[in-house]
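S.K.: sequence and predicted model, in that order:
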Amino acid sequence: MDAPRRDEPTAPRDLTVHEVRVLGCLVEKEATTPDAYPLTVNSLRNACNQSTSRNPVMSLADQDVETALAALRERGLTRTVHSTSNRAIKYRHVVPEALGLQANETAVLAVLLLRGEQTPGELKTRSERQHAFGSIDDVVVTLEALAHRDEPLVRLLERQPGQKDARWMHLLGDTADNDVDSGDRSAQNAATPARDADDAADPYGEATAEFYDLLATGHWEEFGLQLIDLLADVDPTAGPIIDLGSGTGVGLAAIALAAPDARLHAVEPSKAMRTALHTRLMMDANLRSITTVEPRPWSSAQLPPQASAIVASALLGHLDGAERTRLWRYVAEQMPMGAPAVIEILPPDRPLTVPLTRYRSLEVGEYTYEGWQSGEPADDRHMRWTLTYSVKRGDEPIAGYTVTCRWQCFGVDDIRAEIAPHGLTLTQHGDAVVVRRSR
């Protein structure tokens, strides 16, 4: 029987998503690979970037891990281990001591750090290698103890539509599915430039890339019809059409249909999205012959010297101020007079609370794929969207993923004010605006 806890040290509430992942991996690996513990930066990076037992899947670099370790050490959560027999510096955690946790509590907290919000049943199964709980009730008792501390470490979430059981989340800081407002920290992380294509900012992550074509492409049926009108007068000899934020390439066929003689320049920094994009191109010889895929983010993408048009579907809110400035300058300086930049505008134009809503359900074989979304204000101009993807057989859950992103809200007047200093004007067409040079 675990000994009673004597005190409750102060716990952090603002760990970054990288710090959360690093700390969870150190706790996990101490229990599951004790012969290799403590961990070097290299082994810890590999643990952080595992494609299994992690939600979301990440792609951290050594620098990300080292920065997180330094911050965790300052908070008294990790220690550096030096060895005379091994030149590599290693790292260990001191979570039980620092937070006053027993073994069962440490195991549950570690799994929450690594996988986000989960049910007691999921936690029992996934913590087995760290601590063997006798029953789900034992897990619930542990969670309730963590939730009723003077400074709670976990919280019970209300059961949402489509969920059979209520889920629990940790409260140590920012994760892909925590609803703790990350405020300026998220803005800072989102504004950090990507080092290269593989480490580029990917606000939705691999989960969205996996389900995008199944669940989130219905709007292209309508938006594609709008493009037939908006791109009708494009002069293909002026340059390619830039598909900004091409994603899985679902819109390329619609753009090619609207401007059949134009070449395409698809800008997509997400490796996961590009995997689907490249597969689509391999299945369509015509698209493959006319499409160049630019793997870098807009901020550092190599662009054609001139473009005949730009299409940006569901993207503007992901761009920071510097990236939008580059977009407007490109339209003003490197596109012919009258050439359209078609920018899709997504509601709302100002942050508000959006309840959890299922936007798509699709039968694929024996499974049902569902997409859910909810949103809340992050500040006076930004939304924090939560996207949940579930796979079920009847009422039996097969898989589930939750990701979040920060999105800047725009209305037509906001865009008009932002483009005016660049000598640009806009006209509104349905859910999009068309930005052009006026002089």
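M.R.: The structure has been received and is ready for your questions.
S.K.: residue ranges of each domain in the chain, please.
M.R.: For the chain, whose domains are defined here by automatic domain parsing, the residue ranges read 17-180, 196-439.
S.K.: tabulate those in CSV, adding columns for mean neighbour count, mean pLDDT and distance to A11.
M.R.: (C-beta placed from N, C-alpha, C; glycine too.) Listed next are the domains of the chain as CSV, based on neighbours: other C-beta atoms under 10 Å; pLDDT from 0 to 100; distance: least, C-beta to C-beta, whole Å:
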stretch, mean neighbour count, mean pLDDT, distance to A11
domain 17-180, 18, 89, 5
domain 196-439, 18, 91, 22
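S.K.: quick one: the ones you listed as JSON lines, columns for distance to T10 too.
M.R.: Formatted as JSON lines, those follow (distance: least, C-beta to C-beta, whole Å):
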{"stretch": "domain 17-180", "distance to T10": "6"}
{"stretch": "domain 196-439", "distance to T10": "26"}
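S.K.: which residues touch the closest residue to A232 other than its chain neighbours?
M.R.: Nearest residue to A232, sequence neighbours excluded (C-beta to C-beta, 6 or more residues apart in numbering): A258, at 7.2 Å. Contact analysis of A258 by C-beta atoms under 8 Å, 6 or more residues apart in numbering lists G224, L227, I228, L230, L231, A232, V234.
S.K.: now name the helix or strand holding the second one.
M.R.: When elements are assigned from DSSP states H and E, L227 belongs to helix 219-230.
S.K.: what about T237, which SS state?
M.R.: helix (DSSP: H, G, I helix; E, B strand; the rest coil).
S.K.: excluding chain neighbours, what is closest to it?
M.R.: Closest to T237 by C-beta to C-beta, 6+ apart is S308, at 7.7 Å.
S.K.: restrict the longest helix along the chain to CA atoms and write it as CSV.
M.R.: Of all segments of type helix in the chain, defined using DSSP state H, the longest is helix 17-32. C-alpha atoms of helix 17-32 as CSV (Å, rounded to 0.1, in the frame of the first residue of the first chain):
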residue,chain,number,x,y,z
VAL,A,17,4.2,21.6,-25.1
HIS,A,18,7.8,20.6,-25.5
GLU,A,19,8.5,20.7,-21.8
VAL,A,20,5.4,18.5,-21.2
ARG,A,21,6.6,16.0,-23.8
VAL,A,22,10.2,15.8,-22.5
LEU,A,23,9.1,15.4,-18.9
GLY,A,24,6.6,12.7,-19.7
CYS,A,25,9.2,10.8,-21.7
LEU,A,26,11.7,10.9,-18.9
VAL,A,27,9.2,9.4,-16.4
GLU,A,28,8.1,6.8,-18.9
LYS,A,29,11.6,5.6,-19.9
GLU,A,30,12.7,5.3,-16.3
ALA,A,31,10.1,2.6,-15.9
THR,A,32,10.1,0.9,-19.3
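S.K.: just how off-centre is that helix within its chain?
M.R.: With C-alpha atoms, centre = their mean, to the nearest Å as the basis, helix 17-32 stands 20 Å off its chain's centre.
S.K.: mind giving me the packing neighbours of whatever helix or strand comes next after it?
M.R.: Per DSSP H and E, the first helix or strand lying C-terminal to helix 17-32 is helix 41-48. Judged by 3 or more C-beta pairs under 8 Å, 6 or more residues apart in numbering; DSSP states H and E, the packing partners of helix 41-48 are helix 17-32, helix 62-74.
S.K.: got a list of what L72 touches?
M.R.: Listed by C-beta under 8 Å, 6+ apart, the contact partners of L72 are L15, E19, V22, L23, T78, H93.
S.K.: switch to 6 Å and redo it
M.R.: Contacts for L72 (C-beta atoms under 6 Å, 6 or more residues apart in numbering) come out as E19, L23, T78.
S.K.: and those, which is closest to A378?
M.R.: Nearest to A378, judged by C-beta to C-beta, of the contacts of L72 is E19 at 19.6 Å.
S.K.: which phi and psi does the closest residue to H131 other than its chain neighbours have?
M.R.: Closest residue to H131 in three dimensions, ignoring its sequence neighbours and counting by C-beta to C-beta, 6+ apart: A107, at 3.6 Å. Dihedral angles of A107 (phi, psi; degrees, to the nearest 10) stand at phi -60, psi -50.
S.K.: surely A107 and A132 touch.
M.R.: No: look at A107 against A132 with C-beta atoms under 6 Å: they stay out of range, at 9.1 Å.
S.K.: residues in contact with the closest residue to A312 other than its chain neighbours?
M.R.: Spatial nearest neighbour of A312, chain neighbours left out: L244 (4.2 Å); criterion: C-beta to C-beta, 6+ apart. The neighbours of L244, taking C-beta under 6 Å, 6+ apart as the test, are V267, I310, A312, L315.
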